[in-house]
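# Generate coordinates for the sequence data below:
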Amino acid sequence: MVCVACLLPLFLVPIVNLLPLVFDIIMARVYRVLGWEYRKPDRAPPACPYKPPVANKTSENVAGEHDAAAGSDLIDEALPAKLD
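Below is the predicted model of the structure:
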């Protein structure tokens, strides 16, 4: 058996999410009675809490391969010197 207080958040979350909509409906009716026009305020869209890192695409093309001109100097420096 589950206590009633534990189930309360399950019912409060949808009600709290509907409060801005209910407020707009009530204000529109009050304004209509007074003969005014109620315009809903612009609300910010919900933001995603996860922000992926910004990709650095300075020397990579669409396929993910390095450019030959940009990578040639790196290849020459990475090779060890030949011993004769």
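
# Give the rounded mean pLDDT of the lengthiest helix in the chain.
Taking DSSP state H as the criterion, the chain has its longest helix at helix 4-34. The average of the pLDDT scores along helix 4-34 is 87.

# Surely D24 is in contact with K40?
Yes: using CB atoms under 8 Å, D24 is in contact with K40, at 5.2 Å. No exception for glycine: its C-beta is placed from N, CA and C like everyone else's.

# Comparing these two, which residue is more hemmed in?
D24 (15 against 12; other CB atoms under 10 Å).

# who's in contact with the more buried one?
Y38, K40 (CB atoms under 8 Å, 6 or more residues apart in numbering).

# try M1
M1 touches nothing, counting by CB under 8 Å, 6+ apart.

# Neighbours of the nearest residue to Y38 once chain neighbours are set aside, how many?
In space, and not counting its chain neighbours, Y38 is closest to Y31: 3.7 Å by CB to CB, 6 or more residues apart in numbering. If you count neighbours by other CB under 10 Å, Y31 ends up with 13.

# Would you check that Y31 makes contact with K40?
No: taking CB under 8 Å as the definition, Y31 is not a contact partner of K40, at 10.9 Å.

# coming back round to it: any idea how far L21 is from the residue nearest to Y38?
Computed as CB to CB, to the nearest Å, the Y31 to L21 distance reads 16 Å.

# and if you look at D42?
In terms of CB to CB, D42 sits 15 Å off from L21.

# More neighbours: which of these two?
Neighbours per residue (other CB under 10 Å) separate D42 from L21, with L21 holding more: 10 against 6.
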